[in-house]
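J.: I need the structure of the sequence given here:
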Amino acid sequence: MSIALFFGSTTGNTEDIADQIRDIFGADQLDIYNVADDSVSLMLDYDTLICGIPTWDYGELQADWEDIWEEIDNLHLNGKQFACFGCGDQIGYPEWYQDAVGLLHDKLVAQGANAIGYWSTAGYTFETSKAATADGSQFVGLAVDEDSQHELTDQRVTAWCAQLQREMN
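T.: Residues are numbered from 1 along each chain as shown. Below you'll find the predicted structure:
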């Protein structure tokens with residue numbers, strides 16, 4: 001099975017999480033791409049995709065993802081599985097926490113990909129999120145908050161990677 005991780009990062013937090021995921025999976029098991037430098041069309045070459053996107057300001061996409069957003073519409077991802085993770089600030093932006101993860105999840109599903117890696121909302125404090133499932137019990141991917149829950153990041157990333165390894169076809 002071929003696995004690729006695509007990320008966009010402005011402050012470096014999402015890139016740090018991407019590197020941590022690569023280290024857990026092993027650099028020989030997972031290729032990593034920065035969407036600022038590499039084409040998202042490379043997604044077509046892999047069976048499993050992991051996508052990292054931070055949420056900016058009031059639920060907005062990170063700039064590098066925003067630049068290539070429409071290119072995703074041209075990808076046919078039928079038969080591929082994907083998982084999303086994102087960085088956000090649940091205290092400073094509780095009405096938009098992880099919104100970009102939800103937007104990316106929905107876009108990839110619309111292109112035919114199958115989602116894995118849903119993550120419990122337990123332990124988070126937020127008002128609303130486009131990344132939350134309809135019943136609010138899960139995020140559609142791993143939620144990382146380096147601003148107010150940095151001490152939980154390593155544990156969450158490690159547990160999520162183990163979950164992904166179990167869920168991957």
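
J.: would you list every one of the helices in the chain?
T.: Applying DSSP state H to the chain gives helices spanning 13-25, 63-68, 99-110, 153-167.

J.: in the third one, what's buried?
T.: Burial within helix 99-110, assessed by neighbour count using 16 or more other C-beta atoms under 10 Å, is assigned to 99, 100, 101, 102, 103, 104, 105, 107, 108. Every C-beta, even on glycine, is put in place using the N, C-alpha and C of the backbone.

J.: contacts for it, please.
T.: With C-beta atoms under 8 Å, 6 or more residues apart in numbering as the test, helix 99-110 has contacts from 49, 51, 53-56, 59-62, 65, 69, 72-73, 77, 82, 84-86, 88, 115, 129-132, 139-141, 143.

J.: out of those, which are buried?
T.: Applying 16+ other C-beta under 10 Å to the contacts of helix 99-110 flags 49, 51, 53-56, 59-62, 65, 72, 77, 82, 84-86, 88, 115, 129-132, 139-141, 143 as buried.

J.: show me which strand runs longest in the chain.
T.: Secondary structure of the chain per DSSP state E: the longest strand is strand 81-87.

J.: could you check the angle helix 13-25 makes with it?
T.: 130 degrees (axes from the mean of the first three to the mean of the last three C-alpha atoms, to 10 degrees).

J.: who are the packing partners of strand 81-87?
T.: Packed against strand 81-87 by the contact rule (3 or more C-beta pairs under 8 Å, 6 or more residues apart in numbering; DSSP states H and E) you find helix 13-25, strand 48-52, helix 99-110, strand 114-115, strand 141-144, helix 153-167.

J.: run the chain-centre distance for the second one.
T.: Looking back up the chat, that one is strand 48-52. Computed by C-alpha atoms, centre = their mean, to the nearest Å, the chain-centroid distance of strand 48-52 equals 7 Å.

J.: still on that earlier bit, mean pLDDT for the helices of the chain - can I get that in TSV?
T.: Below are the helices of the chain laid out as TSV (pLDDT from 0 to 100):
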stretch	mean pLDDT
helix 13-25	98
helix 63-68	97
helix 99-110	98
helix 153-167	98
